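**Q** got a structure for you, letters missing:
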Ligand SMILES: O=P(O)(O)OC[C@H]1O[C@H](O)[C@H](O)[C@@H](O)[C@@H]1O
């Protein structure tokens, strides 16, 4: 590999943004300290990586800005075209069978950095190998991590799991075929077959299916999918209203690994109410995808729903797209799910190579570590230049941030790890925030997702001599990549030939593995989500307080004469004076929905308020 420390030409110096703690040494060389881990002997000679070889031998020097803050002048990245072309060739990764390329040449990691990281990568590869053999890779929950087995059942650690995976896939394919063919049909529908899918689920039980539907659903799918992925009553009403009479030919797929997520449960209850009001028999149109014997599974079994498919405790929500969670909705839309599995399997095989430069997931993890200093100091901007990949960044937000965003590492050190992810699609985003990326705060690294095929063969035309619409998209991507790099903004480019089930499966597998490898590099558990439980618990406490408020207001409202209460009186009667602000917010929300009446004062001056209840009565509270 040609070292980029080779001096090619001088380059302009640039002020270093304050965001990365950088150390200087007596020689004035700007150094970057990467967090070292106790697991490795701290070799001081290596733990500080000189960035000289990235830019130039010109020593960085201390500078003071107008306000006196110390900033370090940082040389730019390698800019000589000849050097860059050599670097591009040296580091280009190609997966021939997938037609996938990975270009990391516009990320300025140094030879020294790659060498320094080698032991950590070798350990990460060993950890990943143990994970795939069935180790308890999620120690906080005492679970195996088995999403890779979903696309290669032979890798499952025992025959029972292998059989479960194979049987589930067969059941998904058969059910989808029977629904699409009309063999399984709704009890009362003019079409005589299912025409719509209403998916009810949230987080990993929605984001994968949403990404894949946007990416791969044909223009006229056998069943068209829509999602209820929240507990917003207006959003639920909108989806049901859009279905209209087609509710009668809608297959409702309720997805929840735990089987008890409140938003999903609320969505189910709302949909079942709509079915009752339409005189439809929900169980004949309901499918559950959940862990066996969960609340949802037992409900579906007892009520006799049309079908139930298992989720496994060794598959996390954010890595469940290759389980029934993703495969059933995709198959019902006519998407070739076996091709998705093949793409993921081929990518998994590529990611088992233990040479960093020949392992695409390791290359991504290397870039992430370099660009974010191993502490998430920069955001990950995901920019697919393809409309159908619009939801890839939302999908990666959960996969990356729920995996890496952790307070403690595996040794119990408080690290507050993570990498923030955002982005939509190019070139659209060039008309929104690329201005800031090009010139503003330098707190990101971009990943371009390039799709080479613009249109199916024979469908393209030149909208001006020699130029097609897709040429513009191509030009916008390449132009943005160059413009960002010219201003020392680093980027990664992942290239696929076209958006197909195979390439989508490969992209999903690429990022699942990169997240797992990166988590090893920063010594965290990528497979649990303790922070989410805190939010759920707090939400439960708000609802419990609301019930007490309603009871207090109901008592006061039933008195003769009516007794409007101040906020303080409500808080005292709830025995929660310290929660007066939350009580105020609860009442404001109730008043906005005609469930509490402001007798005196206004919400803008809380202390002036006197409140009593709307029509609701205490019996409803405890119904
Ligand atoms: O699939 P469920 O059990 O309903 O969970 C849905 C989501 O809930 C939480 O937010 C978890 O952090 C996610 O990982 C999960 O995907």
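**A** Structure received. Bear in mind that the values here come from a model prediction, so they are computed numbers and not experimental data. Residues are numbered from 1 along each chain as shown.
**Q** For the closest residue to residue 300 other than its chain neighbours, which residues count as its bridge partners?
**A** In this structure, residue 300 finds its nearest non-sequential neighbour in residue 288, 3.7 Å apart by CB to CB, 6 or more residues apart in numbering. Any C-beta I mention is one placed from the backbone N, CA and C, and that applies to glycine too. Beta-bridge pairing of residue 288 under DSSP bridges involves residue 254, residue 308.
**Q** burial count for residue 288?
**A** Under the neighbour criterion other CB atoms under 10 Å, residue 288 is assigned a count of 27.
**Q** That one touches residue 251, doesn't it?
**A** No. Taking CB atoms under 8 Å as the contact criterion, residue 288 and residue 251 are not neighbours in contact, 11.8 Å apart.
**Q** Just give me the neighbour total for residue 448.
**A** Look at residue 448: counted by other CB under 10 Å, it has 23 neighbours.
**Q** so what's the backbone phi/psi at it?
**A** phi -80, psi 140 (degrees, to the nearest 10).
**Q** what residues are up against it?
**A** For residue 448, the contacting residues are 383-385, 426, 477, 480-481, 491-494, by CB atoms under 8 Å, 6 or more residues apart in numbering.
**Q** And what about residue 449, helix, strand or coil?
**A** Per DSSP: H, G, I helix; E, B strand; the rest coil, the local secondary structure of residue 449 is strand.
**Q** doesn't residue 389 make contact with it?
**A** Yes. Using CB under 8 Å, residue 449 makes contact with residue 389 at a distance of 5.8 Å.
**Q** Helices - which of the contacts of residue 448 land there?
**A** Secondary structure assignment by DSSP state H places 477, 480-481 of these in helices.
**Q** Please name the nearest non-neighbouring residue to the residue in the chain positioned nearest to the ligand.
**A** Minimum separation of the chain from the ligand (CB to the nearest ligand atom) falls at residue 317, amounting to 2.4 Å. With CB to CB, 6+ apart as the criterion, residue 317 has its nearest non-adjacent residue at 2.5 Å, and that residue is residue 204.
**Q** quick revisit: would you format the ones in helices among the contacts of residue 448 as a markdown table with neighbour count included?
**A** Written out in a markdown table, the entries for these read as follows (neighbours: other CB atoms under 10 Å):
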| residue | neighbour count |
| --- | --- |
| 477 | 23 |
| 480 | 23 |
| 481 | 22 |
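**Q** Can you tell me which of those residues is closest to residue 240?
**A** Each of the ones in helices among the contacts of residue 448 was checked against residue 240 using CB to CB; the closest is residue 477, at 39.4 Å.
**Q** and the closest one, how far is that from residue 446?
**A** When distance is defined by CB to CB, to the nearest Å, residue 477 is 10 Å away from residue 446.
**Q** what sits in contact with each of those two?
**A** Common neighbours of residue 477 and residue 446 (CB under 8 Å, 6+ apart) are residue 383.
**Q** Which residues are in contact with the residue nearest to residue 317?
**A** 257, 316-320, 325, 398.
**Q** isn't there a helix covering it?
**A** Yes. If the criterion is three-state DSSP, then residue 204 is within a helix.
**Q** In the chain, which residue is most central in space?
**A** Computing the C-alpha centroid of the chain and ranking residues by CA atoms, centre = their mean puts residue 398 first, at 2.4 Å.
**Q** Give the closest residue to it in space, chain neighbours not counted.
**A** For residue 398, ignoring the flanking residues on the chain, the nearest one in space by CB to CB, 6+ apart is residue 318 at 4.8 Å.
**Q** In three-state terms, label the one you found for me.
**A** Residue 318 falls in the helix class when you classify it by three-state DSSP.
**Q** any idea how far it lies from residue 273?
**A** To residue 273, residue 318 is 30 Å away according to CB to CB.
**Q** what do you get for residue 550?
**A** Shown here: residue 550 relative to residue 273, a distance of 21 Å by CB to CB.
**Q** now residue 545
**A** 26 Å.
**Q** between the two, who's got more neighbours?
**A** When neighbours are counted by other CB under 10 Å, residue 545 comes out ahead of the other of residue 545 and residue 273, with 18 against 13.
**Q** check contacts around the more buried one.
**A** Taking CB under 8 Å, 6+ apart as the criterion, residue 545 is in contact with 574, 576, 579, 582-583, 586.
**Q** Leaving aside the residues adjacent along the chain, what's closest to residue 447?
**A** For residue 447, the closest residue by CB to CB, 6+ apart turns out to be residue 492, at 4.5 Å.
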